[in-house]
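>>> My questions concern the predicted model and sequence given below.
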Amino acid sequence: DGGTKPPHKQRFVWTAELHRRFEVAVNSLGIENAKPQAISQLMNVEGCNAPTRQNIKSHLQKYRLLLQKRARNAATAPGEEGGAPAPGAGGAAAAAADAKEEADGGSAEDADASAVDEGAEAGA
């Protein structure tokens, strides 16, 4: 048989607690200045449940895109009372669940809508 494939790497799942730590770290650094290594240190997670630098890098990229999308939607949403809060403002924590779901790709078919699929990007 000689054509056996190596086992696939287990995909990383962003739990609610890990995402909360990620957001706290990003908010304390500032979205523009947040870098994966600094986020990792501020998250203070070790062991087999800790995200790798690549996991954090991918999650940060998706999170930034989400904040940009929200800013565009807030700017184009007429008639909204007060509009949406600015990214990084006090409303960021209140919108954490939405951010997490949209950072996942927003797929309603996902069995766990709170997980970010990092496995597909880890091999790239």
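Structure's in. What do you need?

>>> residue contacts, Arg64?
Ile31 (Cβ atoms under 8 Å, 6 or more residues apart in numbering). Yep, even glycine has a C-beta here, placed from its N, CA and C like the rest.

>>> now it: how far from Val45?
Arg64 sits 21 Å away from Val45, taking Cβ to Cβ, to the nearest Å as the criterion.

>>> Next: His8.
Noted for His8: a distance of 23 Å to Val45, by Cβ to Cβ.

>>> what's the nearest residue to Gly42 if we skip its chain neighbours?
Quick fix: residue 42 reads Leu, not Gly. Spatially, and ignoring its direct neighbours in sequence, Leu42 is nearest to Ala25 (3.7 Å; Cβ to Cβ, 6 or more residues apart in numbering).

>>> for that neighbour, helix, strand, or coil?
helix (DSSP: H, G, I helix; E, B strand; the rest coil).

>>> what's around it, how many residues?
The number of residues packed around Ala25, counting by other Cβ atoms under 10 Å, is 19.

>>> thought it was touching Lys35?
No. Counting by Cβ atoms under 8 Å, Ala25 stays clear of Lys35, with 10.3 Å between them.

>>> quick one: low-confidence parts of the chain?
Counting by pLDDT under 70, the chain shows low-confidence ranges at 1-2, 79-124.

>>> Against Gln10, how distant is Leu67?
Separation of Leu67 from Gln10 (Cβ to Cβ) stands at 28 Å.

>>> right, I mislabeled it, should have said Thr76
Note on Thr76: its distance to Gln10, by Cβ to Cβ, is 40 Å.

>>> Ala38 now?
26 Å.

>>> More neighbours: those two, which one.
Ala38 (15 against 10).

>>> right, and the helix or strand after the helix or strand where the more buried one lies?
Using DSSP states H and E, Ala38 falls within helix 36-43. Per DSSP H and E, the first helix or strand lying C-terminal to helix 36-43 is helix 53-75.
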